[in-house]
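Enquirer: quick one: sequence plus predicted model below, questions after.
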Amino acid sequence: MQATLTAEKNGVSIGQRTDVGWLYIYPRGIRELLIYIKHKYKNPPVYINENGVAEANNSTLPVKKAIKDGTRIRYLHGHLTYLLQSIKEGANVKGYYIWSFFDDFEWSSGYTIRFGLTYIDFKNNLKRHFKYSAYWLKMFLLN
């Protein structure tokens, strides 16, 4: 890889740290990256495969509280806003996929974090509950 990965610029964090040490919230970055790709690589088609935010899996929370994921809603709103801006500026974005629809096993973290729009109750026969972000996304897509 010919890149330096960092979450700081001039010693200052570029965004809010998440419950995953390597993942920061920086919505403006998606626009900056897409515009850079547009100019540097002659605007190839771009498919964003995994864009989302993780929260720690706090198994002591009741489900009704665990499904309240305001951080994810703010994350998605910010990123989709900047994504739209980049498209309006001519970025050739062909697809966007949220990370992820369900809480799942993450290869480096197991079940200690949750990425999904749908809460999986690992203690109750894998029962599924839509998180607030799932309802937010539904309303976003309908408008």
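Expert: Cool, the structure landed.
Enquirer: just the helices in this protein please.
Expert: 28-40, 63-66, 70-88, 132-142 (DSSP state H).
Enquirer: by contact count, what packs against the first one?
Expert: With contacts defined as 3 or more CB pairs under 8 Å, 6 or more residues apart in numbering; DSSP states H and E, helix 28-40 has these neighbours: strand 46-51, helix 70-88. The way it works is simple: take the backbone N, C-alpha and C, and place the C-beta from them, glycine included.
Enquirer: right, and Ile37 touches Val93 too?
Expert: No - Ile37 lies out of contact with Val93 (CB atoms under 8 Å); the separation is 9.7 Å.
Enquirer: tally of neighbours for Glu8?
Expert: 10 (other CB atoms under 10 Å).
Enquirer: distance check, the residue nearest the centre of the chain against Ser100.
Expert: Nearest to the geometric centre of the chain sits Gly52, at 1.3 Å (CA atoms, centre = their mean). Distance of Gly52 to Ser100, computed by CB to CB, to the nearest Å: 6 Å.
Enquirer: list residues touching both of the two?
Expert: Common contact partners of Gly52 and Ser100 (CB atoms under 8 Å, 6 or more residues apart in numbering): Phe115.
Enquirer: tell me which residues touch Leu117, please.
Expert: Leu117 neighbours (CB under 8 Å, 6+ apart): 72, 98, 100-102, 130-131, 133-134, 137.
Enquirer: go with 6 Å
Expert: Going by CB atoms under 6 Å, 6 or more residues apart in numbering, Leu117 touches 101, 131, 133-134.
Enquirer: in TSV: these, plus distance to Ser109 and pLDDT.
Expert: What follows is the contacts of Leu117, written out as TSV (distance: CB to CB, whole Å; pLDDT from 0 to 100):
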residue	distance to Ser109	pLDDT
Phe101	18	93
Lys131	18	98
Ser133	19	98
Ala134	21	98
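Enquirer: in PyMOL, select just the buried ones from these.
Expert: Burial among those is assessed by 16 or more other CB atoms under 10 Å; the matching PyMOL selection reads:
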select buried, resi 131+133+134
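Enquirer: how many neighbours does Ile25 have?
Expert: Neighbours around Ile25, by other CB under 10 Å: 17.
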